[in-house]
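Trainee: build me a model from this:
(2 chains)
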Amino acid sequence: AQKITQTQPGMFVQEKEAVTLDCTYDTSDPSYGLFWYKQPSSGEMIFLIYQGSYDQQNATEGRYSLNFQKARKSANLVISASQLGDSAMYFCAMRGYFGNEKLTFGTGTRLTIIP
Amino acid sequence: DTGVSQDPRHKITKRGQNVTFRCDPISEHNRLYWYRQTLGQGPEFLTYFQNEAQLEKSRLLSDRFSAERPKGSFSTLEIQRTEQGDSAMYLCASSLDFSGTSIKNTEAFFGQGTRLTVV
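Mentor: Numbering: from 1, shown residues only, chains lettered A, B, ... in the order given. I've put the predicted structure just below:
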């Protein structure tokens, strides 16, 4: 079974500061992918970034980077230079491969950017 | 618009009625997923299809729930004899199958969801 744990129910960050959202995971799959999604108040889940379990480098997508520490089973999302539009729910998710291919989500972190 | 579309966006129904939701995935995606999300929670997996084959169903999916994907294109999720506990956002997502090739760019793209309220 796969499990995602997000221990920060809510965070408040000053605009233009960097923020780290925590995610730890548990799985017995040898290969897996880790994802972060953003869900604004409109409800749509927006894909942000992907990290494969065998990727040697941490993933980056613009202002988003994923701090992947495989031995610690953590996949923290770092948002640099936060903007007001970053205020939303953020979900960490993982998916196994070759037979365990559904996305499993954490409970999310509500991020609020303060002007 | 070539994204995932869901219809209707909102549905209010009386307890005991049947409801059906539709999802149109991104055209080249062969994987289609259904999730349920209640307030303050992350999405919970319900079921997924590869083409027209339903490959996995969650234990959350009671006998009152059924999903189909005829011809491997759009999908429908039906809830029979709705209960108040069925009130939630129902999300559909689609993705590419990754078997045999690169597993990058296989992220799931979500629709805007159908919000069901059972009164």
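Trainee: so where does the residue lying closest to A:D55 once chain neighbours are set aside fall, helix or strand?
Mentor: Spatially, and ignoring its direct neighbours in sequence, A:D55 is nearest to A:F68 (7.3 Å; CB to CB, 6 or more residues apart in numbering or on different chains). No exception for glycine: its C-beta is placed from N, CA and C like everyone else's. In this structure, A:F68 sits in strand A:64-69 according to DSSP states H and E.
Trainee: could you list the contact residues of chain A toward chain B?
Mentor: Counting by CB under 8 Å from any CB of the partner chain, the positions of chain A adjacent to chain B are A:4, A:31, A:33, A:35, A:37, A:42-47, A:50, A:52, A:91, A:93, A:97-98, A:101-108.
Trainee: let's see which of those end up in strands.
Mentor: Secondary structure of these is defined by DSSP state E; positions in strands are A:4, A:33, A:35, A:37, A:46-47, A:50, A:52, A:91, A:93, A:103-105.
Trainee: so where's chain A shaky on pLDDT?
Mentor: Per-residue confidence of chain A (counting by pLDDT under 70) places the weak regions at A:98-100.
Trainee: kindly recompute the last result at 90.
Mentor: For chain A, residues meeting the criterion pLDDT under 90 lie at A:1-2, A:28-32, A:42-44, A:54-56, A:95-103.
Trainee: residue contacts, residue 2?
Mentor: Let's take chain A. Applying CB atoms under 8 Å, 6 or more residues apart in numbering or on different chains to A:Q2 gives the contacts A:Y25, A:D26, A:T27, A:D29, A:Y32, A:M94, A:R95, A:G96, A:N100, A:T104.
Trainee: wait, I meant chain B there
Mentor: By CB under 8 Å, 6+ apart, the neighbours of B:T2 are B:I26, B:S27.
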